[in-house]
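Peer 1: When you get a sec, could you give me coordinates for this:
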Amino acid sequence: MELEWAGVPTVCIVHRELRDSAAAIARISGHPDYPTVIVDYPWIPTATWTDDEIAELVEVLLPAVRAALLGSAQA
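Peer 2: Numbering: from 1, shown residues only. The predicted model follows:
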């Protein structure tokens with residue numbers, strides 16, 4: 001959110017298991033509608049992923065991140 005406050009468009013990428021915590025932080029910070037993209041299984045919540053898993057995840061999430069940054073959809 002600090003980047004967003006500095007004028008840099010951002011999106012929160014968070015695992016499904018942590019989305020409620022991320023939403024609470026956004027509400028407390030005064031941004032209840034902060035754009036969020038959800039990572040789900042098979043990627044594990046602790047984000048200890050291999051390089052190959054990261055590359056695959058980028059391909060999966062890229063459209064949702066792009067949409068969130070352009071304001072055309074919230075994933």
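Peer 1: Which parts of the helix ranked longest in the chain count as buried, going by neighbours?
Peer 2: Taking DSSP state H as the criterion, the chain has its longest helix at helix 51-70. By neighbour count on 16 or more other C-beta atoms under 10 Å, the buried set for helix 51-70 is 57, 61, 64-65, 67-68. Bear in mind the C-beta positions are built from the backbone N, C-alpha and C, glycine included.
Peer 1: which two from those residues end up farthest apart in space?
Peer 2: Within the buried residues of helix 51-70, 57 and 67 form the most distant pair, 16.2 Å apart (C-beta to C-beta).
Peer 1: in stretch 28-41, what counts as buried?
Peer 2: Result for stretch 28-41 [16+ other C-beta under 10 Å]: buried residues 34-39.
Peer 1: okay, these in JSON lines with secondary structure and distance to residue 5 next?
Peer 2: Shown next, in JSON lines, are those (DSSP: H, G, I helix; E, B strand; the rest coil; distance: C-beta to C-beta, whole Å):
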{"residue": "34", "secondary structure": "coil", "distance to residue 5": "11"}
{"residue": "35", "secondary structure": "coil", "distance to residue 5": "14"}
{"residue": "36", "secondary structure": "strand", "distance to residue 5": "17"}
{"residue": "37", "secondary structure": "strand", "distance to residue 5": "19"}
{"residue": "38", "secondary structure": "strand", "distance to residue 5": "23"}
{"residue": "39", "secondary structure": "strand", "distance to residue 5": "24"}
